[in-house]
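Student: Predicted structure and sequence below. I'll ask about it afterward.
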Amino acid sequence: PTTIPVLGVVTAGEPILAVEDASDFFPIPPNLSSEEGSLFMLTIRGDSMINAGILDGDNVIVRKQETAQNGDIVIAMTAEDEATCKRFYKEKNFFRLQPENDLLEPIILD
């Protein structure tokens, strides 16, 4: 079977330092095998995406890409090489990484 790398943990909360060393490999269905080189898996830590149904401990399959549309759920890299799971919005002069948890504030990136 075709497999993708499991790259560790990403926060749905405060950003964490990104680590890109595969800790394991996960089999994917044949209909995703054409994207094999751009897919990887991460484990979510934290509760900032609970209103989107992404819970602490969930595993998510991510497609590596350079762009996102407003409202997309993304794994965003900050300027400090930290990774976080948030909803993406491009505002007039900045990017807003919006949590799906009413108790948390967005992350603003210039």
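Tutor: Arrived safely.
Student: quick one: stretch 102-110 to chain centroid distance?
Tutor: Relative to its parent chain, stretch 102-110 has a centroid offset of 15 Å by CA atoms, centre = their mean, to the nearest Å.
Student: Can you show me the CA trace of that stretch as CSV?
Tutor: Taking Å, rounded to 0.1, in the frame of the first residue of the first chain, the C-alpha atoms of stretch 102-110 are listed here in CSV:
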residue,chain,number,x,y,z
ASP,A,102,-14.8,31.2,21.1
LEU,A,103,-12.5,31.4,24.1
LEU,A,104,-9.3,32.0,22.1
GLU,A,105,-8.0,35.0,20.2
PRO,A,106,-6.7,34.9,16.5
ILE,A,107,-3.1,35.0,15.6
ILE,A,108,-2.2,38.0,13.4
LEU,A,109,0.7,37.7,10.9
ASP,A,110,2.1,40.6,8.9
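Student: mean confidence for that stretch?
Tutor: Confidence for stretch 102-110, expressed as mean pLDDT, is 93.
Student: and if you look at stretch 6-25?
Tutor: 72.
Student: For that stretch, measure first residue to last.
Tutor: Counting by CA to CA, to the nearest Å, you get 5 Å between the two ends of stretch 6-25.
Student: do you know how far the residue nearest in space to the middle of the chain is from M41?
Tutor: Note on the chain: the residue nearest the mean C-alpha position is I75, at 2.5 Å, using CA atoms, centre = their mean. I75 sits 11 Å away from M41, going by CB to CB, to the nearest Å. Using the backbone N, CA and C atoms, a C-beta is placed for each residue, glycine as well.
Student: before we move on, the earlier item: quick one: what helix or strand has the residue nearest to the centre of the chain in it?
Tutor: Assigned by DSSP states H and E, I75 belongs to strand 73-77.
Student: Paired strands for that strand, with orientation please.
Tutor: strand 82-90 (antiparallel) (DSSP bridges).
Student: Can you give the distance from the partner strand to the centre of its chain?
Tutor: On CA atoms, centre = their mean, the centre of strand 82-90 falls 7 Å from that of its chain.
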